[in-house]
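Student: I need the structure of the sequence given here:
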Amino acid sequence: MSAAPPLAACLRPVRAVVFDTDGVLLDSAGLHAAAWQQAFDACLTAAGEARPFDPVADYLRHVDGRSRLDGAAAFLASRGLALPPGARDDPPGTGTVAAVAARKEQAFTALLREGGAAPWPDSVRLLHALRAAGVPCAAVSASRHATELLSGAGLLGLFAVVVDGRVAARLGLSGKPDPALFIEAARRLAVPPREAAVVEDAEVGVEAGRRGGFALVVGVDRSGAQGHAAALRRRGADVVVDDLGDLLVPGAAP
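Tutor: Alright, predicted model coming up:
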């Protein structure tokens, strides 16, 4: 008789797992938050707003998991700044939502060139356990940099499918909390959502997984922010962990 796979009981019934990238697979959320801080603080200063962007609370509440344009619009609206939407090719600046998003992209690219993003060790363990159990995986991200980041971290080969911001733009997929990104990943894995799991750290991502009809929605709270785990549960997480090793049988070594 073959040994049981080292997966926790909640994962054993699923036939595929769809992972968010930033903050779940890679320690890159801090890079995104720092880039947003540069972009938003310049905009807030230009508008005479004294209260700066909070890279923890504001990031989690307004931009985490969203596309750049959606995140920029959500945060600016939260501060009562009604900037015109602008055009997608607006240069980096503070005059339109698109310009602020472009400034974030410019800042993030610069930070990325300085050092990239390391994989979370617990995520690597879980990915190898899933591969050993014959469970295919997909990586999903609103970021156009996701495939580059996964490759740089040595994780790209562990995924059968990657649906990143470039794919979303080409297919016209709506951003989270719409489940379109996750559903496209499940379609490419040839597994219906009702037989797959989603692993997410963003509130809008957890909501997307629930709205998409996935069998299991796992929330990941690496932030340490008060109330974030509870917020993930409210948005639809079946399970919330602060370490993906909790999805492995204790003591198991994939």
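Student: in a strand, residue 217, correct?
Tutor: Yes. Assessed by DSSP: H, G, I helix; E, B strand; the rest coil, residue 217 belongs to a strand.
Student: mind listing the strands for the stretch 51-200 of the chain?
Tutor: 137-140, 161-163, 196-200 (DSSP state E, counting those that start in this stretch).
Student: number of residues surrounding residue 121?
Tutor: 12 (other CB atoms under 10 Å). Using the backbone N, CA and C atoms, a C-beta is placed for each residue, glycine as well.
Student: same check, this time on residue 234
Tutor: 12.
Student: can you check the pLDDT for it?
Tutor: In this prediction, residue 234 carries a pLDDT score of 97.
Student: so residue 52 touches residue 36, yeah?
Tutor: No. Using CB atoms under 8 Å, residue 52 is not in contact with residue 36; the gap is 11.2 Å.
Student: looking at these two, which is more packed in?
Tutor: residue 36 (27 against 12).
Student: run the chain-centre distance for the strand or helix carrying the more buried one.
Tutor: Using DSSP states H and E, residue 36 falls within helix 29-46. Its chain's C-alpha centre and that of helix 29-46 lie 18 Å apart, by CA atoms, centre = their mean, to the nearest Å.
Student: residue 244: neighbour count?
Tutor: With other CB under 10 Å as criterion, residue 244 counts 23.
Student: dihedrals phi and psi, it?
Tutor: phi -70, psi -10 (degrees, to the nearest 10).
Student: ok, now how distant is residue 183 from residue 228?
Tutor: Residue 183 is 25 Å from residue 228, where distance means CB to CB, to the nearest Å.
Student: what does residue 60 give?
Tutor: 6 Å.
Student: check residue 214 too.
Tutor: Residue 214 is 20 Å from residue 228, by CB to CB.
Student: between these two, which one's more packed in?
Tutor: residue 214 (27 against 23).
Student: can you read off the pLDDT for the more buried one?
Tutor: pLDDT at residue 214 comes out at 98.
Student: residue 1 too?
Tutor: Residue-level pLDDT assigned to residue 1 equals 38.
Student: with the one 10 residues further on instead?
Tutor: Taken from the predicted model, the pLDDT recorded for residue 11 is 96.
Student: secondary structure class for it?
Tutor: Per three-state DSSP, residue 11 ends up coil.
Student: check contacts around it.
Tutor: Contact analysis of residue 11 by CB atoms under 8 Å, 6 or more residues apart in numbering lists 17, 130, 135, 197, 216, 247.
Student: related to what we said a few turns ago, what mean pLDDT does the helix holding residue 36 get?
Tutor: 92.
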